[in-house]
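K.L.:
Whatever this is, show me its structure:
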Amino acid sequence: MTNSMGVLTLIDELFCFKTCAISFSYQTKKKEKQKQKVSKMCSSKCFFIVSNLVLMILSLIILVFSAIIQNFDSSYILFREYVCTPTGIFIIFGSCLLCISLFALFIVYVRSAFLLSIYTCILFVVSVVEVAIVLAFFVMKSHVINLITDSLFLAESKYTVDKTAAETWDTVQRDLICCGVKNYTEWFQYFSNTSVPDSCCDFYTVGCGQVAVSNGNFYQNSCASAIANWTYGHVVTTAIFFSFTLLLQILSLITSHLYRTTIDSLTL
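P.N.:
Numbers count the residues shown, from 1 in each chain. Below is the predicted model:
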């Protein structure tokens with residue numbers, strides 16, 4: 001009887017030991033999983049913060065660039081109407097990105113999965129609108145150049161009677177190193193003989209335009225082609241910048257999804 005009781009006691013102790021071992025193993029695994037979840041959350045959180053900080057810097061660059069364009073040189077006042085709309089779009093876009101990045105930092109502070117979902121939706125909508133605007137800009141590029149060319153023709157006809165038109169043309173020809181909209185001979189109908197504005201002169205002196213053609217001292221390039229080349233160069237730069245911004249927005253969307261997933265897993 002005593003032996004039977006001893007065996008039963010030993011079995012109970014072994015069972016208890018096994019139960020404790022299983023419980024300890026379970027708790028250890030649970031803690032390991034919790035640590036892994038916390039580690040994943042920290043990683044996704046860091047990537048989320050970094051991507052939005054870079055997005056904030058880009059938004060500030062866009063706003064500064066827009067402010068520079070807004071204070072356009074008064075000598076180019078005839079073209080102000082063609083830069084007002086793009087500048088307004090840049091300001092709105094930059095402001096949206098700045099608000100979104102600030103909102104992202106607030107989300108990190110409160111650690112809310114619900115706010116992350118709102119952030120993702122807003123950033124996705126902004127990204128789609130951005131792509132649509134960029135595509136529209138590329139489609140309308142040639143139309144805008146034609147409008148600017150028409151304005152140049154109009155200003156050319158008023159060169160000798162309108163101070164604003166003269167200042168615009170002188171600035172355009174000096175800055176872009178060109179003469180006339182399509183050809184330097186367009187100036188002949190507004191000046192006596194074969195004269196051109198002094199701003200067409202390669203080597204400038206007062207009154208140089210009167211003998212510039214005969215001396216070969218004038219810019220050979222047309223302003224229409226110079227503006228087209230200038231626009232193309234800046235369009236490429238703008239496209240690269242917006243492509244980088246879009247990729248960063250996509251990265252922010254991915255990191256926000258990962259961050260939200262880790263927050264959800266920790267709350268389960």
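K.L.:
And the strand or helix carrying D175, what's buried?
P.N.:
According to DSSP states H and E, D175 maps onto helix 163-176. Neighbour counts over helix 163-176 (16 or more other Cβ atoms under 10 Å) mark A165, A166, E167, T168, W169, D170, T171, V172, Q173, R174, L176 as buried. C-betas here are computed from N, CA, C, even on glycine.
K.L.:
would CSV of those with distance to C46 and pLDDT be doable?
P.N.:
Formatted as CSV, those follow (distance: Cβ to Cβ, whole Å; pLDDT from 0 to 100):
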residue, distance to C46, pLDDT
A165, 57, 78
A166, 58, 82
E167, 53, 82
T168, 51, 80
W169, 55, 84
D170, 54, 85
T171, 49, 83
V172, 50, 84
Q173, 53, 86
R174, 51, 87
L176, 47, 86
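K.L.:
follow-up on the earlier one: chain center to the helix holding D175, what's the gap?
P.N.:
31 Å (Cα atoms, centre = their mean, to the nearest Å).
K.L.:
ok so, going back, of all the buried residues of helix 163-176, which comes closest to A67?
P.N.:
Checking those against A67 with Cβ to Cβ, the nearest one is T171 at 20.7 Å.
K.L.:
Distance of that closest one relative to S195?
P.N.:
19 Å (Cβ to Cβ, to the nearest Å).
K.L.:
returning to that earlier point: from the contact counts, what lies against the helix holding D175?
P.N.:
Packed against helix 163-176 by the contact rule (3 or more Cβ pairs under 8 Å, 6 or more residues apart in numbering; DSSP states H and E) you find helix 113-157, helix 223-267.
K.L.:
Which neighbouring elements make contact with the first one?
P.N.:
If you count contacts as 3+ Cβ pairs under 8 Å, 6+ apart, helix 113-157 packs onto helix 80-110, helix 163-176, helix 223-267.
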